[in-house]
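Novice: this is a predicted model, with the sequence first.
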Number of protein chains: 2
Amino acid sequence: MAYQDMISTPFAVIKKQAEILDENDTLQTYKRLFALPENCVYLDGNSLGALPICAKQRAIDVVEQQWGRDLITSWNKHQWIDLPTKVGEKIARLIGAAKGQTICCDSISVNLFKLVCAALAMQPGRNVVLSQTDNFPTDLYMVQGIEQLLGQQCCTLKTVPADELVSGLNEDVAVLLLTQVNYRTGYIHDMEKITKLAHEKGIIVIWDLAHSAGVLDLKLDQCAVDFAVGCTYKYLNGGPGAPGFMYVAKRHQPVLKQPLSGWMGHSNPFEFTAEFVAKNNVEQCLTGTPTIISMSILDAALDVFDEVSMLEVAKKSQKLTDFFMTGMSTLKLDSIFECISPQKSAHRGSQVALNHPYSYAICQALIAQNVIADFRAPDTLRLGFAPLYVSYADVATALLKLAEIVQTKAYLRAEFNQQSKVT
Amino acid sequence: MAYQDMISTPFAVIKKQAEILDENDTLQTYKRLFALPENCVYLDGNSLGALPICAKQRAIDVVEQQWGRDLITSWNKHQWIDLPTKVGEKIARLIGAAKGQTICCDSISVNLFKLVCAALAMQPGRNVVLSQTDNFPTDLYMVQGIEQLLGQQCCTLKTVPADELVSGLNEDVAVLLLTQVNYRTGYIHDMEKITKLAHEKGIIVIWDLAHSAGVLDLKLDQCAVDFAVGCTYKYLNGGPGAPGFMYVAKRHQPVLKQPLSGWMGHSNPFEFTAEFVAKNNVEQCLTGTPTIISMSILDAALDVFDEVSMLEVAKKSQKLTDFFMTGMSTLKLDSIFECISPQKSAHRGSQVALNHPYSYAICQALIAQNVIADFRAPDTLRLGFAPLYVSYADVATALLKLAEIVQTKAYLRAEFNQQSKVT
């Protein structure tokens, strides 16, 4: 019996389910706001979000009109100077932060450096930065840089497995640094619970929201979060290398001292005085001249979220990944891949991670079939489900292609096995 | 006698001279590579360079084609991952640096932070960072941030007036941090001489090239410079907030340790290992994900310089400012403004700074006449002369408008006296 025939019945069921789910999807109209290529199933919005049409228009405007024609006068005329705060406030609504706590600037790594240094300075007598062994590596690298700069007596990075985090919270710990959604498995930490437990021990918590912002229904203020950083090129669709953001809880702003004290954080940046005097609000965390073009594009991209309920987004995210995992089971793919993402949807970010010895080649074979996923060394196939532009029909297509590739062993073809520079 | 008649003869002479100078200008064809508005005399390329036409096309391409259609695959397909090095090498040729020493990343302020920390770590037993009292303030602010972070026993900022710099070079000094071209006056430090004097005392020198790169005939290798930083949105025309660059002399790369150790500086960034291991070259200074859109636009903008001789650029820069200053004298403007820029063209960057109690209003009146200059508090009118797109005819026009505004006291009109947020 041909493979196509073998899966035709279960696949027909999946396809029908997808149709019904799409019809009832309250977010279905958002897909048309994105400039996705035709017939492309894009399951990598957790790495680089798709292009919002309004961002495309803004890119042309900021380059041709603002830079090209209005030139230097655009700092006033088009309020370039206000962008870090304006964009920050747009993000604030999406992460559950009241006004005056969120700004957009630099990269997530640079922003993390600022906040780890600031947090350590607020914790005299404590030097441990506690994190998770499989935290996103660059977060650990940044702390290692601080450790080397300040010496271990001022900063010692300690990493433990996820299940030892709570027992690791003690009075030596100055800072708990966690990525809320694991970049590989998609496991979601309970922000409210962990923040509370850490606070009971006098620990400051920094949350990395790289895979959370734009897809989870975040409540930073409600969770009494101290500090957070995030990036905007994933689920916030800001474009490749779009600038990062930072959140500093209002209560910490009067005592905050961050070391990257550039002119944009000065209380009076155009006075050109020789002495740095920090702004008395979150803008003290700004450093150099903002990347106006990238930040303008992000500013426009965020308008897609204008009327969006993050609760609806988070719900659809769970439904999409549930639908995918159920489909895996229906098509008997669950015995071929080891799914390392949590089975419970409440514990799972908007991604599914599948281990397989040939996951690199399978990823390439999927891309050749116009289903874009990504690979994380050594053997993880990672699929991201961006609720604003991934439909249930897309998920059904991805399932079919994956089943075909696996069953026909198409991934053994040489063309799919050349690992390239960026994996 | 009407003012127009009074200046008509000397201005006719200036106009004629401009015509002859433009005819003989070997760089005159470059102006057409820029998308400048018609009839605009743009004398602010020292703050925000004009838009190169090829950069405009690239902006559309990187957004619509690369991000929009090729999505995540562009990291390989369009070599996004190589941009920091590729762009760095384009800049290298313009600053007199052999290959493997220049990268593009972050902002000038953030890059300065990396290099001051790295330089201090290379100078055990020394803690003074010597700089100039009227250095560009953000450079001083960044050192103040390091001072606060590391403590004064590790970093003490000492600033002296320009004429005390040489006598200030002693064995306590770890790092000499200078901006080569003063942002206000345009005074150029003798890079070769000062670097040599500092090296004789064992001092590491960091040059800020913000107003040098793209306009002076720089010879970083020949001057045995240790480290340098620069920005690309001024004479390099990279667009508003375009990323900065860093130069690290080859000889220092094996021992360099910079604290902002993000994934892009890792020797094997896609292995996702928990321990940071720095690249053994200048790329170790990279930190987070590059701002791909802004950096791509800069990459294209630098193509304007492809066939350009920096010696020719520097020569034209001197001739433009000479022509302006001679014209000031011819039109008797030199008694009305106090010129704070050096009289000798060899000591003068590509700008002329004029003090006047009403300089803010004069600047606004000039802008209203389509001559774009800028104002620096408290009373400086600053005019920048970008040799690739400023013609001698432009300078003649600027002189006429300035003379008219001053003689008719147009600057006293209320509309020119409202200081806006960005000055």
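Specialist: Here it is on my side, so go on. What you see is a predicted model; the values in this text were computed from it and never measured.

Novice: just list the residues touching A:I204, thanks.
Specialist: A:119, A:122-123, A:174-176, A:198, A:226-227 (Cβ atoms under 8 Å, 6 or more residues apart in numbering or on different chains). C-beta here means a position set from N, CA and C on the backbone, and glycine is covered the same way.

Novice: next: A:A121.
Specialist: A:257, B:149.

Novice: ok, now with 7 Å
Specialist: Residues in contact with A:A121 (Cβ atoms under 7 Å, 6 or more residues apart in numbering or on different chains) are A:K257.

Novice: in helices only, show me the contacts of A:I204.
Specialist: Among the contacts of A:I204, the members found in helices (DSSP state H) are A:119, A:198.

Novice: could the contacts of A:I204 go into a markdown table alongside neighbour count and pLDDT?
Specialist: Putting the contacts of A:I204 into a markdown table (neighbours: other Cβ atoms under 10 Å in any protein chain shown; pLDDT from 0 to 100) gives the following:
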| residue | neighbour count | pLDDT |
| --- | --- | --- |
| A:A119 | 24 | 98 |
| A:M122 | 15 | 98 |
| A:Q123 | 16 | 98 |
| A:A174 | 24 | 98 |
| A:V175 | 28 | 98 |
| A:L176 | 26 | 98 |
| A:A198 | 21 | 98 |
| A:D226 | 25 | 98 |
| A:F227 | 26 | 98 |
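
Novice: can you redo the contacts of A:I204 as a markdown table with distance to A:G100?
Specialist: Compiled in a markdown table, the contacts of A:I204 are given as follows (distance: Cβ to Cβ, whole Å):
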| residue | distance to A:G100 |
| --- | --- |
| A:A119 | 19 |
| A:M122 | 19 |
| A:Q123 | 24 |
| A:A174 | 25 |
| A:V175 | 23 |
| A:L176 | 24 |
| A:A198 | 24 |
| A:D226 | 15 |
| A:F227 | 14 |
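
Novice: quick check, nearest of the contacts of A:I204 to A:I293?
Specialist: The nearest member of the contacts of A:I204 to A:I293, counting by Cβ to Cβ, is A:F227 at 27.6 Å.

Novice: verify the stated contact: that closest one with A:F245.
Specialist: No. A:F227 lies out of contact with A:F245 (Cβ atoms under 7 Å); the separation is 11.5 Å.

Novice: what does the stretch 51-200 of chain A have sitting close to chain B?
Specialist: For the stretch 51-200 of chain A, the residues in contact with chain B (Cβ under 7 Å from any Cβ of the partner chain) are A:51, A:56, A:59-60, A:63-64, A:67-69, A:71-73, A:75-76, A:80-81, A:106-110, A:113, A:117, A:133, A:137-138, A:140-142, A:144-146, A:148-149, A:159.

Novice: which stretches in chain A count as helices?
Specialist: Using DSSP H, helices in chain A cover A:3-23, A:53-60, A:74-77, A:83-95, A:108-121, A:137-150, A:191-200, A:292-301, A:310-330, A:359-368, A:392-408.

Novice: out of those, deepest packed?
Specialist: helix A:292-301 (a mean of 28; mean count of other Cβ atoms under 10 Å in any protein chain shown).

Novice: spit out the contact partners of the residue of the stretch 101-250 of chain A found nearest chain B.
Specialist: Closest approach between the stretch 101-250 of chain A and chain B, counting by Cβ to the nearest Cβ: A:S107, at 3.0 Å. Going by Cβ under 7 Å, 6+ apart, A:S107 touches A:244, B:287-289.

Novice: among the residues you listed, which one lies nearest to A:M295?
Specialist: Looking across the contacts of A:S107 and measuring by Cβ to Cβ, the closest to A:M295 is A:G244, at 10.6 Å.

Novice: just list whatever residues bridge to that closest one.
Specialist: A:G244 has the following beta-bridge partners by DSSP bridges: A:C105.

Novice: that one: neighbouring residues, count only.
Specialist: The number of residues packed near A:G244 is 25, by other Cβ atoms under 10 Å in any protein chain shown.

Novice: buried stuff in stretch A:221-228?
Specialist: When burial is assessed from 16 or more other Cβ atoms under 10 Å in any protein chain shown, stretch A:221-228 yields the following buried residues: A:221, A:223, A:225-228.

Novice: ok, now stretch A:277-285?
Specialist: A:278-279, A:281-285.

Novice: how about stretch A:32-48?
Specialist: In stretch A:32-48, counting by 16+ other Cβ under 10 Å, buried: A:33-36, A:40-48.

Novice: all strands for the stretch 151-300 of chain A, in order.
Specialist: Secondary structure of the stretch 151-300 of chain A (DSSP state E, counting those that start in this stretch): strands located at A:156-160, A:173-179, A:204-208, A:227-230, A:244-248.

Novice: report the angle between the lowest-mean-pLDDT helix or strand in chain A and helix A:392-408.
Specialist: Least confident helix or strand, chain A: helix A:3-23 with a mean of 88, by mean pLDDT, DSSP states H and E. Counting by axes from the mean of the first three to the mean of the last three Cα atoms, to 10 degrees, helix A:3-23 points 160 degrees away from the direction of helix A:392-408.

Novice: for helix A:3-23, name the packing helices and strands.
Specialist: helix A:310-330, helix A:392-408 (3 or more Cβ pairs under 7 Å, 6 or more residues apart in numbering or on different chains; DSSP states H and E).

Novice: nearest to A:E271, out of those?
Specialist: Minimum separation from A:E271 across these (Cβ to Cβ) falls at helix A:310-330, 39.9 Å.
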